[in-house]
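Enquirer: Got a predicted structure here, sequence first:
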Amino acid sequence: MSEDTDLSTVLAVLDDEYARDILTHTSIEPMSASTLSERCDASLPTIYRRLDRLKACHLVTEDTELAPDGNHYSVYSANLEHLELTLEDGSFELEVTYRDEDVADKFTRMWEGMR
């Protein structure tokens with residue numbers, strides 16, 4: 001997890017029903033904000049606010065796709081692979097594994113966990 005994303009922020013984002021719906025839908029396939037608006041039964045401003053919060057926590061990624069008419073639009077994909085919350089020695093620790101994490105980062109995290 002990035003140092004600028006703390007436990008409280010991630011838990012607050014995941015406490016939101018729309019944010020969880022966005023993650024659920026985008027874990028299956030990338031979706032545009034307008035498609036998410038329909039699937040989540042929420043207004044576009046609501047979807048964009050949640051996407052901003054999810055992107056700030058690195059829980060979704062944004063890519064650009066080209067429409068058949070030559071225009072482009074953004075699609076969003078869930079970036080959360082695994083989330084683990086532990087309580088040890090009087091403090092919480094949050095470990096987040098991202099889908100776009102590269103092999104070197106995964107190896108480093110695994111190696112550090114073995115010590």
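Expert: Okay, I see it.
Enquirer: Need the outlier residue of the protein, farthest from its centre.
Expert: The outermost residue of the chain relative to its centre, with distances by CA atoms, centre = their mean, is D69 at 29.4 Å.
Enquirer: Provide the contact partners of whichever strand or helix holds R49 at residue level.
Expert: For R49, the host element (DSSP states H and E) is helix 44-56. Contact with helix 44-56 is made by 5, 9, 13, 16, 18-19, 22-23, 33-34, 36-37, 40, 42, 60-62, 76, as judged by CB atoms under 8 Å, 6 or more residues apart in numbering. For glycine as for every other residue, the C-beta is placed from the backbone atoms N, C-alpha and C.
Enquirer: Try it again at 7 Å.
Expert: Residues from elsewhere that reach helix 44-56, judged by CB atoms under 7 Å, 6 or more residues apart in numbering: 13, 16, 18-19, 22, 33-34, 36-37, 40, 60, 62, 76.
Enquirer: Helix or strand next in line after it, which one?
Expert: strand 60-66.
Enquirer: can you count the residues close to E38?
Expert: E38: 12 surrounding residues under other CB atoms under 10 Å.
Enquirer: still on that earlier bit, widest-spaced pair of the contacts of helix 44-56?
Expert: Distances among the contacts of helix 44-56 were taken as CB to CB; the most separated pair is V13 and S34, at 21.5 Å.
Enquirer: neighbours around A42, how many?
Expert: 18.
Enquirer: Quick check: it touching A19?
Expert: No: distance between A42 and A19: 10.4 Å, which falls outside the contact criterion (CB atoms under 7 Å).
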